[in-house]
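1. requesting a structural model of the entry that follows:
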Amino acid sequence: LAAADEFDPARLLQLTPPGAAQLAAQPGTAVLAHHDLMGEHLVVSVDGRVRGVLDWTGTAVGDPAEDIAGLALAVGSGAAVRAATLAGYGARPCLRGLWLARCDTVIRLTDRLEGRDDSPLPLLRTRLRRAWEAILLERVTELREDTEDDTEL
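-> Numbering: from 1, shown residues only. Model prediction:
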């Protein structure tokens, strides 16, 4: 990706091994998740706010971070965290969702550049930009292993 001038690999160093361990899914955090949050399943207002979610046929009990990741790719990291916070999620699932989105975008762009995927390059670049938007939550959140309730930001 660096050779193709698509992505600075130093950005991946933002997620340290201790940080990755703290962002692991916590026991008892499964919720009803959409599992397919993409642009065509979202009703987004002119100001960029998610106003509705369509097509709940693929719902399952799972990690809320997966839906937060989908939102980040569809509407951007900031909007995804706002929507997740309004839905009652705390810092841990929000940050885990952002990192899922970021890892997904790097993998998909790599696959495209190496010929294993035929997704449109402009779409992949847009998703990469959205997923890697810097948000304040990352700078102010201290995750501790002994945190039992992360519903407040």
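
2. hmm, Y89 is touching P64, no?
-> Yes. With contacts counted by Cβ atoms under 8 Å, Y89 reaches P64, the gap being 5.7 Å. No exception for glycine: its C-beta is placed from N, CA and C like everyone else's.

3. which SSE is immediately downstream of the biggest helix by length in the chain?
-> As assigned by DSSP state H, the longest helix anywhere in the chain is helix 91-113. Tracing the chain C-terminally past helix 91-113 and defining elements by DSSP states H and E, one meets helix 121-131 next.

4. and the angle for that next one with helix 91-113?
-> Interaxial angle, helix 121-131 versus helix 91-113 (axes from the mean of the first three to the mean of the last three Cα atoms, to 10 degrees): 160 degrees.

5. ranges for the helices of the chain?
-> Ranges of helices in the chain, per DSSP H, are 17-22, 64-75, 77-86, 91-113, 121-131, 136-140.

6. may I have the longest helix of the chain as CSV, with CA atoms only?
-> Output in CSV follows, covering the C-alpha atoms of helix 91-113 (Å, rounded to 0.1, in the frame of the first residue of the first chain):
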residue,chain,number,x,y,z
ALA,A,91,-16.1,3.9,24.5
ARG,A,92,-14.9,0.3,24.3
PRO,A,93,-17.3,-0.9,21.6
CYS,A,94,-17.0,2.4,19.7
LEU,A,95,-13.2,2.1,19.5
ARG,A,96,-13.3,-1.6,18.7
GLY,A,97,-15.7,-0.8,15.9
LEU,A,98,-13.4,1.9,14.5
TRP,A,99,-10.5,-0.5,14.5
LEU,A,100,-12.5,-3.2,12.8
ALA,A,101,-13.4,-0.7,10.1
ARG,A,102,-9.8,0.3,9.8
CYS,A,103,-8.4,-3.2,9.5
ASP,A,104,-11.1,-4.1,7.0
THR,A,105,-10.3,-1.1,4.8
VAL,A,106,-6.6,-1.9,4.7
ILE,A,107,-7.2,-5.5,3.9
ARG,A,108,-9.7,-4.7,1.1
LEU,A,109,-7.5,-2.1,-0.5
THR,A,110,-4.6,-4.5,-0.4
ASP,A,111,-6.7,-7.2,-2.0
ARG,A,112,-7.8,-4.7,-4.7
LEU,A,113,-4.2,-3.6,-5.4
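
7. what is the orientation angle of that helix with helix 77-86?
-> 140 degrees.

8. what's helix 91-113 packed up against?
-> helix 64-75, helix 77-86, helix 121-131, helix 136-140 (3 or more Cβ pairs under 8 Å, 6 or more residues apart in numbering; DSSP states H and E).
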